[in-house]
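# Need a 3D model of the following:
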Amino acid sequence: MKDIVFTKAAQKREFFIWLACLVVANIVNVISIIKFQTPWYEIFTQVGYVVVTSLLLYGLVLVVRLAWYLFTHLLGKK
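Numbers count the residues shown, from 1 in each chain. Just a heads-up that it's a prediction; the model follows:
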């Protein structure tokens with residue numbers, strides 16, 4: 001059976017993609033705090049929701065990347 005190797009570079013790339021999703025989720029949280037005029041301590045109390053949202057965004061990005069990979073490889077094998 002062939003081993004699957006997850007290289008250090010791939011781990012770093014995936015971590016930075018998830019970190020970008022976390023930043024986007026935090027920005028959405030700050031925008032919602034401003035829009036709905038809620039207390040600023042909600043940045044800390046809603047951190048669980050922000051992490052879950054970032055994981056959902058990462059999953060969405062992963063699906064889009066997978067679709068792009070399949071699309072390009074199917075068209076490339078004419």
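# quick one: buried residues of stretch 20-30?
21-22, 24-26, 29 (16 or more other CB atoms under 10 Å). Every C-beta, even on glycine, is put in place using the N, C-alpha and C of the backbone.
# what do you get for stretch 40-51?
46, 50.
# Show the end-to-end separation of that stretch, please.
In stretch 40-51, first residue to last residue: 18 Å (CA to CA, to the nearest Å).
# list the helices and strands the one helix or strand residue 48 maps to packs on?
According to DSSP states H and E, residue 48 maps onto helix 47-76. Here helix 47-76 touches helix 8-36, going by 3 or more CB pairs under 8 Å, 6 or more residues apart in numbering; DSSP states H and E.
# What helices and strands are in contact with the helix it packs on?
Partner elements for helix 8-36 (3+ CB pairs under 8 Å, 6+ apart): helix 42-45, helix 47-76.
# got a list of contacts for the first one?
Read that as helix 42-45. If you take CB atoms under 8 Å, 6 or more residues apart in numbering as the criterion, helix 42-45 is touched by 26, 29-30, 33.
# change it to 10 Å
Contacting residues not belonging to helix 42-45 are listed as 26, 29-30, 32-33, 36, 39, 49-50 [CB atoms under 10 Å, 6 or more residues apart in numbering].
# tell me the phi and psi of residue 40?
When read as degrees, to the nearest 10, the backbone of residue 40 gives phi -70, psi -20.
# pLDDT wise, what is the residue nearest to it when sequence neighbours are not counted at?
Among residues not flanking residue 40 along the chain, residue 33 sits closest, at 6.4 Å (CB to CB, 6 or more residues apart in numbering). With respect to pLDDT, residue 33 scores 97.
# picking up where we left off before, would you format the buried residues of stretch 20-30 as CSV with distance to residue 12 included?
Below are these laid out as CSV (distance: CB to CB, whole Å):
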residue, distance to residue 12
21, 15
22, 15
24, 19
25, 20
26, 21
29, 26
